[in-house]
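In: just coords:
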């Protein structure tokens, strides 16, 4: 079985004065603006790293939900933040790492079991498999 999803980008102008939009098949993003200033100057709009972070956080969290279920556990809350690092390198820029921060409420899970399952999800989620960067995880159960 193959599932395909699409997204598109439009750009006009030069790198610094140009502007673009990003859209998704589902319509969740529809002509969302992006540009040099949203990527490198923290101006309103989105950027590829932010979108990658959102996708990775969502993918990892869903994978963990599946893995928890397979272990007979159900989370009442899984909150994941992905921090994507874009670094200047000799030939341009590269995403060097993604750090996932997870805070979870999983009734019946021990800390050791939870960390093992979370690390399995980190390694196994489809986006983790495709990202060519260091991926780290800080996972903890809520009190």
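Out: Sure thing, it's come through. Not measured: the values here are computed from a predicted model.
In: any weak-confidence spans in the protein?
Out: By pLDDT under 70, the chain contains no weakly predicted segment.
In: can you give me the helices for it?
Out: Applying DSSP state H to the chain gives helices spanning 36-40, 48-70, 111-124, 126-130.
In: Please name whichever of those helices is nearest to residue 7.
Out: For these, the distance to residue 7 is smallest for helix 48-70, at 8.5 Å, taking C-beta to C-beta. All C-beta spots, glycine's among them, are computed from the backbone N, C-alpha and C.
In: How far away from the center of its chain is that closest one?
Out: 6 Å (C-alpha atoms, centre = their mean, to the nearest Å).
In: which residues make contact with that helix from outside it?
Out: Here helix 48-70 makes contact (C-beta atoms under 8 Å, 6 or more residues apart in numbering) with 22, 34, 39, 74-75, 78, 80-84, 86, 95, 98, 100, 102, 104, 106, 109, 117-118, 120-122, 124-128, 131.
In: What's the ChimeraX syntax to select whichever of these are buried?
Out: ChimeraX command restricting the contacts of helix 48-70 to the buried ones, with burial defined by 16 or more other C-beta atoms under 10 Å:
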select :22,34,39,75,78,80,82,84,86,95,98,100,102,104,106,109,117,118,121,122,125,127,128,131
